[in-house]
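Colleague: predicted model follows, preceded by the sequence.
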Amino acid sequence: MKLSCTRDNLHQALAITSHLTSKNVNLPILQNVLVKAEGGTIRFTTTNLEVAITCAIRGKVDEEGEITIPSKLFFDYVSLLPNETVTLESDESTLNVICGGNETKINGLPAGDFPLVPKVETQQSYKIPVDDFKKALSRVIFAVATNESRPELTGISTRFHKGQESTLTLAATDSYRLAECVISIVSEISRDESLIIPARTLSEVSRILSVFKDEVDSPTSVEMGLSENQVVFSYGGVELTSRTIEGNYPDYQQIIPKDFQTETSVDRDDFGKAVKTASLFSRTGLFDVTLDLDPEKNQLSVRALDSARGENTAAIGADISGHKNNVTVNYRYLLDGLGAIEGEQVLFQMIDPSNPCLLTPKDKTLKYLYIVMPIKQ
């Protein structure tokens, strides 16, 4: 194999693919990236057997061929090269890298040992605006369960809905809180469709999309293709293939409260600061803060008490309607929800101390909701 390409193109391809590699004791080749040159295209592929990423870049191919190279070492080395043309030459197990005054040999493994990444035949595909998709992912992914006891909760519920406008709904829950975001998509939807995509896969998709953030000619939409038990994301020469999670996602719609005893409109930053202040005195391991809502004073108080450290009450002005009320919640969960909402004002709605609380943006152009379960005293 002999080829040449720009250092920037090579660096970007490795930034996209090298992150995925797996430390598999039985299959050390999974720590390598497969470099394959054919036609005028150079392809870089990595896989951890659950997810596979392929990135194609342009370059000059003098001799076709393929080799696998330790991906982290290769990426770290290319990161330090000057911004000049890079020439790669290989025999079966060694890659020679030449750039400016730098020349190095990296030991690899034969490409024949690399796991085959089959082409997935998708039955349906959708185009999703890339900026909206990235923001929606950031608003739900933190609520995914990390415990593997319920595999479906380690993924994100992904639902395509046919209506007056085609929408994509992403939702995640770990049983203690729930985040849901709805965005419009470019493609027409012929029928409602739903699947569960592993959170790790969507984290990888989000990371890949952010690698392209400064490029003027980047596509404005990412394509998501669906097959029976796999999903394929395509974007600007990159293709990510992943298994989906089997099973049914819980019907969370039934736990979203519809009627409330108390409703509060409050400045998001003020609310966040009050929660952070009180959190310094929350109990270790419980992370509890109590919210007191007083409609007569139009005041929202956040208080916490720890027998070892002391106590704190932080009060802020708010527009409160309904009954006087209070609820105790995990402050970390509450701050996650506040951080996911854009805009100055948020709505905090609750029934009583033992029912879920609802947090939404006051500006309804962002279709987002966040539910926090109370800590029962």
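Modeller: Arrived safely.

Colleague: any idea where the helices of the chain begin and end?
Modeller: Using DSSP state H, the helices of the chain run over residues 7-17, 71-79, 130-140, 199-211, 268-279, 331-340.

Colleague: other SSEs contacting the fourth one?
Modeller: By that I understand helix 199-211. Using 3 or more C-beta pairs under 8 Å, 6 or more residues apart in numbering; DSSP states H and E, the elements in contact with helix 199-211 are helix 7-17, strand 51-58, helix 130-140, strand 155-161, strand 230-235, strand 238-243. Just so you know, the C-beta spots here come from the backbone N, C-alpha and C atoms, and that holds for glycine as well.

Colleague: I'd assumed residue 153 was in contact with residue 173.
Modeller: Yes: assessed by C-beta atoms under 8 Å, residue 173 is found in contact with residue 153 at 6.4 Å.

Colleague: what residues are shared contacts of those two?
Modeller: By C-beta atoms under 8 Å, 6 or more residues apart in numbering, residue 173 and residue 153 have these common neighbours: 144, 145, 250.

Colleague: low-confidence ranges, the stretch 101-250 of the chain, go.
Modeller: For the stretch 101-250 of the chain, applying pLDDT under 70 flags the ranges 213-216.

Colleague: again, only using 90
Modeller: By pLDDT under 90, the weakly predicted segments of the stretch 101-250 of the chain are 118-119, 148, 163-164, 186, 188-190, 211-218, 228.

Colleague: please report the distance of residue 205 from residue 31.
Modeller: Relative to residue 31, residue 205 is positioned 22 Å away (C-beta to C-beta, to the nearest Å).

Colleague: more crowded one of those two?
Modeller: Using other C-beta atoms under 10 Å as the criterion, residue 205 and residue 31 rank with residue 205 on top: 24 against 20.

Colleague: can you tell me the closest non-neighbouring residue to that one?
Modeller: Closest residue in space to residue 205, ignoring its immediate chain neighbours: residue 233 at 5.2 Å, by C-beta to C-beta, 6 or more residues apart in numbering.

Colleague: enumerate every residue touching that neighbour.
Modeller: Counting by C-beta under 8 Å, 6+ apart, residue 233 touches 205, 208, 222, 223, 224, 225, 239, 240, 242.

Colleague: so which of these is the most crowded?
Modeller: Within these, most neighbours by other C-beta under 10 Å means residue 224, with 26 neighbours.

Colleague: got the helices and strands packed on helix 199-211 as TSV, with distance to residue 337 columns?
Modeller: Listed next are these as TSV, based on distance: least, C-beta to C-beta, whole Å:
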stretch	distance to residue 337
helix 7-17	31
strand 51-58	28
helix 130-140	9
strand 155-161	16
strand 230-235	27
strand 238-243	27
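
Colleague: among these, which is nearest residue 117?
Modeller: strand 51-58 (4.4 Å; C-beta to C-beta).

Colleague: partner strands of that closest one, parallel or antiparallel?
Modeller: strand 41-47 (antiparallel), strand 238-243 (antiparallel) (DSSP bridges).

Colleague: which among the ones you listed is found nearest to residue 120?
Modeller: Using C-beta to C-beta, the strands paired with strand 51-58 put strand 238-243 closest to residue 120, at 5.5 Å.

Colleague: now do that closest one against helix 199-211, angle only.
Modeller: For strand 238-243 against helix 199-211, the angle by axes from the mean of the first three to the mean of the last three C-alpha atoms, to 10 degrees is 170 degrees.

Colleague: now do strand 238-243 against strand 230-235, angle only.
Modeller: Relative orientation of strand 238-243 and strand 230-235, computed by the same axes, to 10 degrees: 170 degrees.
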